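Colleague: fold the following for me, if possible:
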Amino acid sequence: MVELAQELRTGIITVDLPLQKLAELKDVSCLNLDQLNELLRLSHVPGEQLSVLLAKEGKEPGQGVGYLEDGTMVVVSNAHDQIGGEVSVVVRNVKATSMGTLIFAVLEETPT
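Modeller: Numbering: from 1, shown residues only. As a prediction, this is how the structure comes out:
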């Protein structure tokens, strides 16, 4: 495929990382759709407010865990008693892992 792209003076679109590396070594432009997806994925920032349905307990005591529509896991501190309900949270930290993005949040304080 790389040789054909060289011959046709064109690039390659792929999800195959080894093919991308080979193309780059041969000076063939290559777009990796997985990398593009990561760049286009919505990012969340500390201080942002989200609404999430807490589906289960977290690993640490008191945590509740929910998921955003895109599958991003949201771990909420001190939310164990809210499991099964939808809660408003504030993002405290965002961590990128090999499995995807992990959001750590706290319950949004409600004005009294």
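Colleague: now Leu68. Its backbone dihedrals?
Modeller: Main-chain dihedrals, Leu68, degrees, to the nearest 10: phi -80, psi 170.
Colleague: and for it, the neighbour number?
Modeller: The tally of other residues near Leu68 (other CB atoms under 10 Å) stands at 16. C-betas here are computed from N, CA, C, even on glycine.
Colleague: which ones are touching it?
Modeller: Contacts for Leu68 (CB atoms under 8 Å, 6 or more residues apart in numbering) come out as 50, 52, 74, 103.
Colleague: how about the last one: what's its closest non-neighbour residue?
Modeller: For Ile103, ignoring the flanking residues on the chain, the nearest one in space by CB to CB, 6 or more residues apart in numbering is Val74 at 4.6 Å.
Colleague: and the one you found, what element?
Modeller: strand 73-77 (DSSP states H and E).
Colleague: domain ranges for the protein?
Modeller: As given by automatic domain parsing, the domain ranges for the chain are 2-40, 49-107.
Colleague: what helix or strand is the closest residue to Ser43 other than its chain neighbours on?
Modeller: Counting by CB to CB, 6+ apart, Val94 is the residue found nearest to Ser43 once chain neighbours are left out, at 7.1 Å. For Val94, the host element (DSSP H and E) is strand 86-97.
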